[in-house]
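A.B. asks: Whatever this is, show me its structure:
(2 chains, ligands or ions: 1)
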Amino acid sequence: MKIIFNYLIFPGLFTAVCVGLLAGWFDRKISARLQWRVGPPWYQNFIDIVKLFGKETIIPRSSRWTFILAPYLGFLSIVLAAVILGKAMLSPLESFYGDIIVILYLLTMPAISMIIGASSSRNPLASVGASREMKLVLGYELPFVLSLIAVIIKCQGSIQLGSIINYQISFGSNIFSFSGILAFIAAFFAMQAKLGLAPFDISEAEQEIMAGTLIEYSGLLLAVYKLIKAVMLYAMPLLLICLFMGKDLGWVLLILKYIGIVLLIVLVKNTNPRMRIDQALRFFWGPVTIVAALSVILAAVGL
Amino acid sequence: MSIKTKALTKSIWVFHVSCGSCNNCDIEILDCFTPRHDIERFGVQLIGSVRHADAILITGAMNRKSVPRMKKIYEQAPKPCVVVAVGQCALSRHMFRYSYNVREPLDEILPVDLYIPGCPPKPEAIISGIVKLVEKLNKGK
Ligand code: SF4
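C.D. replies: Below you'll find the model as predicted:
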């Protein structure tokens, strides 16, 4: 019973979707204000989803089942990641051993589901999007994992979210150390790419390849992809808070930290033009990986 | 009024097709999304793929080449989807009325739900057109 409640209502599905959609609205509103526009009302993203539920879902003549199941695969796994994360933050002692590795895998699933869905739709532009997404995954996973390793070394080799939080509660947030701040920077860029926001929205580039990976999706399935985006926007900042700013996790501070990170994401998104895929790869394997590797070395030395 | 139409009227995603216009109408459509008019506040969004569209904006006179393509695009859109003709060319073929290449007006090809006249229509005219479209949808279509 408790598990079902956790999955469906509290840290899971319902909360994640609501917070994610609100954060999505926050993104649109801030972008609008930055461009001197008014921006949509706060319920806009909810309405978009409801509307998509009511539309016709067109399934192209292709491998039907992978096309239909791919979005659900991504959605279920990202919600699971959100639940594990939320549970670990609520009661650090209850988290299980090795959950950080599970989360690492679950957070990659949306990208994989997008690749599967796009390549089973038989649309040339979708396959361009899928190949770009694939390269992007190869690009950002390396620095992301490295920065996780830095955090793990820093917290005395614990691969459990709960004990990472506990370590920070007793010894101060990770972000205030040299290795912590470097790892945070690397993880932040990886997060931007995972969320698929500019400058890394290469796989969905609306102006060049229409909607890229999402081009053939409509109605219900498109709504599921929008929900995946929303839950990602809920889970990724929370993970960063958990790993780097885990000292005070009271409600007010938690919400303030969350809003701060989302604001940072939106500002980066609005002030940078889209990169080409080769530039993005060079960026991730070059500077970002170097920063992440440096943070691992610093963490090993104990800074 | 069902929640479906309510949601549809609050979030209209627009797909923009130019069937051989002189480009002025297209620029005026883009004007609606600029800071001065900002129709994103009504939930209107310009999107890249017909599969996501709730409304198809058509500009320009339909010439022989674009008729079959336009029909294909309309069939690809998920229903309910409305068709909006923007500008004199799309409405009545304008100065191309006697052209050998433009044989039939748009509304003999596709079911047009809304006509926005003007050459090119002002952004204000387009916004007022959207308001009328919303009223029409609310009355039930
Ligand atoms: S209606 Fe006028 S402005 Fe619009 S495409 Fe035709 S000629 Fe150009």
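
A.B. asks: so where's the stretch 201-303 of chain A uncertain?
C.D. replies: For the stretch 201-303 of chain A, the stretches with pLDDT under 70 are A:205-206.

A.B. asks: Let me see the ranges of the strands in it.
C.D. replies: With DSSP state E, counting those that start in this stretch, there are no strands along the stretch 201-303 of chain A.

A.B. asks: interface residues of it facing chain B?
C.D. replies: Contact residues, the stretch 201-303 of chain A versus chain B (Cβ under 8 Å from any Cβ of the partner chain): A:Glu206, A:Gln207, A:Met210, A:Ala211, A:Leu214, A:Ile215, A:Glu216, A:Tyr217, A:Ser218, A:Gly219, A:Leu222. Just so you know, the C-beta spots here come from the backbone N, C-alpha and C atoms, and that holds for glycine as well.

A.B. asks: Counting residues, name the longest helix you see in chain B.
C.D. replies: Taking DSSP state H as the criterion, chain B has its longest helix at helix B:123-139.

A.B. asks: where's the residue in chain B sticking out farthest from the centre relative to chain A, distance?
C.D. replies: In chain B, B:Tyr100 marks the outermost C-alpha relative to the chain mean, sitting 24.6 Å out by Cα atoms, centre = their mean. Counting by Cβ to the nearest Cβ, to the nearest Å, the gap from B:Tyr100 to chain A is 33 Å.

A.B. asks: Check for me that that residue belongs to a strand.
C.D. replies: No. Under DSSP: H, G, I helix; E, B strand; the rest coil, B:Tyr100 sits outside any strand and is assigned coil.

A.B. asks: quick one: buried residues of whichever helix or strand A:Val83 is part of?
C.D. replies: Element membership for A:Val83 (DSSP states H and E) is helix A:64-90. Under the neighbour-count criterion of 16 or more other Cβ atoms under 10 Å in any protein chain shown, helix A:64-90 has A:67-68, A:70-71, A:73-89 buried.

A.B. asks: likewise stretch A:121-129?
C.D. replies: The neighbour-count check on stretch A:121-129 (16+ other Cβ under 10 Å) flags A:Ser121, A:Asn123, A:Leu125, A:Ala126, A:Ser127, A:Val128, A:Gly129 as buried.

A.B. asks: Just flag the most distant two among those.
C.D. replies: Spanning the widest gap among the buried residues of stretch A:121-129 are A:Ser121 and A:Val128, at 11.9 Å by Cβ to Cβ.

A.B. asks: about what we covered before: list the contacts for the residue farthest from the centre of chain B?
C.D. replies: If you count contacts by Cβ atoms under 8 Å, 6 or more residues apart in numbering or on different chains, B:Tyr100 has none.

A.B. asks: Quick check: it vs B:Arg64, distance?
C.D. replies: 9 Å (Cβ to Cβ, to the nearest Å).

A.B. asks: residues near A:Gly286, how many?
C.D. replies: 11 (other Cβ atoms under 10 Å in any protein chain shown).

A.B. asks: Enumerate the strands of chain B by residue range, in sequence order.
C.D. replies: Secondary structure of chain B (DSSP state E): strands at B:13-18, B:45-46, B:55-59, B:82-86, B:114-116.

A.B. asks: hang on, the earlier thing: quick check, nearest of the buried residues of stretch A:121-129 to A:Ala111?
C.D. replies: Relative to A:Ala111, and with distances defined as Cβ to Cβ, the nearest of the buried residues of stretch A:121-129 is A:Gly129, at 11.5 Å.

A.B. asks: Which residue, neighbours along the chain excluded, lies closest to that closest one?
C.D. replies: Closest residue in space to A:Gly129, ignoring its immediate chain neighbours: A:Gly212 at 2.9 Å, by Cβ to Cβ, 6 or more residues apart in numbering or on different chains.

A.B. asks: That neighbour reaches A:Glu204, doesn't it?
C.D. replies: Yes. Counting by Cβ atoms under 8 Å, A:Gly212 does reach A:Glu204; the two are 4.3 Å apart.

A.B. asks: Give me the common contacts of these two.
C.D. replies: A:Gly129.

A.B. asks: Could I get the pLDDT score of A:Ala82?
C.D. replies: A:Ala82 is assigned 87 on the pLDDT scale.

A.B. asks: downstream neighbour of the helix holding A:Val83 in the secondary structure list?
C.D. replies: Once helix A:64-90 ends, the next helix or strand along the chain (criterion: DSSP H and E) is helix A:99-119.

A.B. asks: mind checking how far that next one is from the chain centre?
C.D. replies: 10 Å (Cα atoms, centre = their mean, to the nearest Å).

A.B. asks: buried residues in it?
C.D. replies: Neighbour-count burial for helix A:99-119 flags A:99-100, A:103-104, A:106-119 (criterion: 16+ other Cβ under 10 Å).

A.B. asks: Contacts only, for the closest residue in space to B:Gln76 that isn't next to it in sequence.
C.D. replies: Closest residue in space to B:Gln76, ignoring its immediate chain neighbours: B:Val50 at 4.9 Å, by Cβ to Cβ, 6+ apart. Residues near B:Val50 by Cβ under 8 Å, 6+ apart: B:Phe15, B:Ile56, B:Ile73, B:Gln76, B:Ala77.

A.B. asks: need the residues you listed in TSV with neighbour count, can you?
C.D. replies: Below are these laid out as TSV (neighbours: other Cβ atoms under 10 Å in any protein chain shown):
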residue	neighbour count
B:Phe15	22
B:Ile56	22
B:Ile73	18
B:Gln76	17
B:Ala77	23
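
A.B. asks: so who does the closest residue in space to B:Leu137 that isn't next to it in sequence touch?
C.D. replies: Leaving aside its chain neighbours, B:Leu137 sits nearest to B:Thr9 (5.1 Å; criterion: Cβ to Cβ, 6+ apart). By Cβ under 8 Å, 6+ apart, B:Thr9 lies in contact with B:Val134, B:Leu137, B:Asn138.

A.B. asks: From those residues, list just the buried residues.
C.D. replies: Looks like these have B:Val134, B:Leu137 buried, using 16+ other Cβ under 10 Å.

A.B. asks: Can you give me the distance of A:Tyr140 to the ligand?
C.D. replies: 44 Å (Cβ to the nearest ligand atom, to the nearest Å).

A.B. asks: name the element A:Phe144 belongs to?
C.D. replies: Here A:Phe144 is assigned to helix A:124-154, by DSSP H and E.

A.B. asks: what's the angle from the helix or strand of chain B with the lowest mean pLDDT to strand B:55-59?
C.D. replies: The helix or strand of chain B with the lowest confidence, counting by mean pLDDT, DSSP states H and E, is helix B:3-10 at a mean of 76. Counting by axes from the mean of the first three to the mean of the last three Cα atoms, to 10 degrees, helix B:3-10 lies at 40 degrees to strand B:55-59.
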